[in-house]
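Visitor: Return atomic coordinates for the entry below.
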Amino acid sequence: MPLPPAPSRRAALLAPEAFEVTARPRAPQASANEAIAEPVRTTAVPRAGRKAGSAPPVASGSPVAAPLIPVETLARGQEPASAPTARATSTRKARTTSAAATPSAAANATAPRNKKAAPQGPTKLFVLDTNVLLHDPTSLFRFEEHDIFLPMIVLEELDGHKKGMTEVARNGRQASRTLDALAAAQGADMAKGLKLDSTGQRAAGGHLFFQTAPLDYSLPTSLPPGKADNQILGVVEALRKLHAPREVVLVSKDINMRVKARALGLTAEDYQNDKTLEDGDLLYAGVLALPPDFWAKSGKNVESWQSGAHTYYRIGGPIVQQLMINQFVYFEAPGEPSLFARVSEIREKTAVLQTLKDYGSAKNAVWGVTTRNREQNYAMNLLMDPEIDFVTLTGTAGTGKTLLALAAGLTQVLDDRRYTEIIMTRATVSVGEDIGFLPGTEEEKMGPWMGALDDNLEFLAKGDGGNAGEWGRAATNELIRSRIKIKSMNFMRGRTFLNKYVIIDEAQNLTPKQMKTLITRAGPGTKIICMGNLAQIDTPYLTEGSSGLTYAVDRFKGWPHSGHITLARGERSRLADFASEVL
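Guide: Just a heads-up that it's a prediction; the model follows:
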């Protein structure tokens with residue numbers, strides 16, 4: 001039988017007629033010499049599975065005298081039972097010359113590149129605490145091939161947290177709906193365990209088990225049996241004895257719960273799947289220092305040109321592999337020309353660097369504010385660029401995050417008329433004890449949370465209307481406040497902001513889900529600035545690795561319309577700088 005024709009152009013698919021020809025069953029009276037092992041079906045390899053434009057793979061380079069082998073047998077990786085030894089040997093020899101003839105090679109050819117390796121070792125049984133489900137309702141599907149066990153007291157606690165409009169209550173209701181969907185799936189049997197992939201979650205290959213009968217366990221008398229945490233510990237102890245030597249692991253966000261479990265000799269772990277980064281030091285900083293020998297190695301091959309007020313440099317070499325779009329690079333060395341630029345384009349082996357506007361100069365002051373260090377100048381270049389829709393600023397207290405964002409916003413709203421107004425919001429998480437309900441309208445209730453806004457507006461209004469007297473300062477202050485709206489995050493769902501300049505302060509206290517809710521409010525012409533200090537997280541169960549601000553920085557890095565800068569040096573006062581270092 002002739003082979004199907006090769007594709008006529010790169011990355012072209014075969015015509016449907018070619019597939020029909022190769023898939024046609026053979027007549028029983030066909031000659032044995034014409035019988036080729038049928039993995040010819042692997043010609044339907046996706047484009048990512050082989051080089052574009054190459055001919056479809058075949059099982060053997062020459063005809064082999066062998067009986068017809070069913071495709072199903074090859075797919076299972078089995079040898080035909082009736083094949084003679086000599087013929088089987090020649091078949092195996094032929095398979096070594098073709099990638100498609102070996103089932104494992106065919107699987108590698110058709111599998112996506114990012115597919116995980118097959119699991120090794122025995123599966124574990126994870127017992128989930130209630131706070132894991134309340135923290136991440138999708139945690140049931142984050143344990144890959146392992147099984148999950150839910151004690152009855154967890155379902156009882158889940159039911160107690162489902163009322164209300166808080167984030168915890170929403171997560172509790174979503175977790176309950178997920179459990180109901182798994183239990184209602186076709187063929188579900190609680191006694192044998194519910195298949196976690198029955199609702200379409202293919203990443204989860206294990207089963208979900210519920211506590212359907214009382215378990216026999218004994219805990220120390222110092223642990224009251226009526227407490228929910230102690231009942232969960234008892235379930236873990238009973239399962240460990242019942243399923244020995246299989247490993248049973250308690251997963252909880254409660255530190256004290258994990259400490260008590262380890263004190264009883266039980267295996268306990270924190271829930272790690274919600275963390276974007278394991279180490280906060282690995283967070284993308286948005287800045288890269290060029291090596292000291294950059295000009296010596298790359299100076300001769302650098303292409304440069306002028307366009308408007310900017311100079312562009314096209315560079316090559318191994319440094320290109322480390323760069324991202326809108327990342328800032330700098331070169332400072334004694335006796336060498338300094339370079340401060342932003343990556344504006346990346347090709348396969350080259351990158352284009354664009355020089356920056358110097359906002360540290362008084363002639364380029366933004367609403368009377370000049371930048372005082374390198375990182376602040378980077379941030380101002382992002383804030384003033386109309387092509388950048390999303391900016392994230394991180395840094396310790398006193399680095400100027402709010403002042404820079406407000407100054408850039410006022411200039412673009414009042415002077416350039418690029419946006420219609422500034423909308424400012426923040427996570428209302430108190431540092432200490434709550435002082436109770438706040439009176440007034442939505443904006444008045446948000447007033448006490450916006451002390452940072454008032455402090456910076458006072459500085460900006462004073463600098464702009466300093467020579468106009470008391471009336472001029474009052475008029476400037478009134479104009480500024482008329483263009484700034486203070487909104488609560490609680491009422492953001494469903495809104496769409498058109499041509500707005502949105503500032504999200506204290507974003508480190510947001511969960512990834514809340515961050516997604518806020519960012520997806522952006523309509524055409526809207527710019528969003530997220531600011532926060534990852535060292536000052538006040539939300540329970542959030543860490544530097546699982547904060548919504550870390551999540552946004554990691555997901556948006558490299559997008560052509562976003563930028564991030566970590567402000568390193570404080571400019572508030574010498575007292576604030578010293579306190580940040582020693583306290």
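Visitor: count of residues packed around residue 363?
Guide: Neighbourhood size, residue 363 [other Cβ atoms under 10 Å]: 7. Where C-beta positions appear, they are placed from N, C-alpha and C, glycine not excepted.
Visitor: Helices of the stretch 201-350 of the chain, start to end?
Guide: 228-242, 255-263, 294-298 (DSSP state H, counting those that start in this stretch).
Visitor: Save those as a markdown table, and put in mean neighbour count, distance to residue 200 and mean pLDDT too.
Guide: Converted to a markdown table, the helices of the stretch 201-350 of the chain look like this (neighbours: other Cβ atoms under 10 Å; distance: least, Cβ to Cβ, whole Å; pLDDT from 0 to 100):
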| stretch | mean neighbour count | distance to residue 200 | mean pLDDT |
| --- | --- | --- | --- |
| helix 228-242 | 20 | 28 | 93 |
| helix 255-263 | 15 | 32 | 93 |
| helix 294-298 | 15 | 50 | 79 |
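Visitor: for the strand or helix carrying residue 528, packing partners?
Guide: Assigned by DSSP states H and E, residue 528 belongs to strand 527-532. Judged by 3 or more Cβ pairs under 8 Å, 6 or more residues apart in numbering; DSSP states H and E, strand 527-532 is in contact with strand 390-395, helix 401-410, strand 500-505, helix 512-519, helix 548-556.
Visitor: which residues touch that strand?
Guide: With Cβ atoms under 8 Å, 6 or more residues apart in numbering as the test, strand 527-532 has contacts from 383, 388-394, 401-402, 405, 409, 419, 500-509, 515, 518-519, 522, 547, 549, 552.
Visitor: Buried ones among those?
Guide: 383, 388-394, 401-402, 405, 409, 419, 500-509, 515, 518-519, 522, 547, 549, 552 (16 or more other Cβ atoms under 10 Å).
Visitor: Toward the C-terminus from the helix ranked longest in the chain, list the very next helix or strand.
Guide: What stands out as the longest helix in the chain, according to DSSP state H, is helix 167-183. Beyond helix 167-183 on the C-terminal side, the first helix or strand identified by DSSP H and E is strand 194-195.
Visitor: what's the distance between that next one and the middle of its chain?
Guide: 28 Å (Cα atoms, centre = their mean, to the nearest Å).
Visitor: List the strands paired with that strand, with their directions.
Guide: strand 207-210 (antiparallel) (DSSP bridges).
Visitor: Dump the strand it pairs with to PDB, keeping only the CA atoms.
Guide: Taking Å, rounded to 0.1, in the frame of the first residue of the first chain, the C-alpha atoms of strand 207-210 are listed here in PDB:
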ATOM      1  CA  HIS A 207     -10.700   9.100  44.700                       C
ATOM      2  CA  LEU A 208     -12.600  11.000  47.300                       C
ATOM      3  CA  PHE A 209     -13.600   9.000  50.400                       C
ATOM      4  CA  PHE A 210     -16.100  10.100  53.100                       C
END
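Visitor: avg pLDDT for it?
Guide: The pLDDT scores in strand 207-210 average 93.
Visitor: circling back to that earlier point, what angle sits between the strand holding residue 528 and helix 512-519?
Guide: Going by axes from the mean of the first three to the mean of the last three Cα atoms, to 10 degrees, strand 527-532 is angled at 150 degrees with respect to helix 512-519.
Visitor: And strand 527-532, how far out from the chain middle?
Guide: 17 Å.
Visitor: Report the mean per-residue pLDDT for it.
Guide: 95.
Visitor: Excluding chain neighbours, give the residue nearest to residue 566 in space.
Guide: Leaving out its chain neighbours, the residue that sits closest to residue 566 by Cβ to Cβ, 6 or more residues apart in numbering is residue 285, at 4.5 Å.
Visitor: Ok, residue 349 next?
Guide: Leaving aside its chain neighbours, residue 349 sits nearest to residue 316 (5.5 Å; criterion: Cβ to Cβ, 6+ apart).
Visitor: try residue 193
Guide: Distances taken as Cβ to Cβ, 6+ apart place residue 207 nearest to residue 193, at 3.2 Å, with adjacent residues excluded.
Visitor: Likewise for residue 489?
Guide: residue 425 (5.3 Å).
Visitor: what does the host helix or strand of the one you found rub up against?
Guide: Using DSSP H and E, residue 425 falls within strand 421-426. Applying Cβ under 8 Å, 6+ apart, the contact partners of strand 421-426 are 406, 409-410, 413, 446, 449-450, 453, 483-489, 492, 497, 500-507, 518.
Visitor: how far does it sit from the chain's center?
Guide: The mean C-alpha position of strand 421-426 is separated from the chain mean by 25 Å, Cα atoms, centre = their mean.
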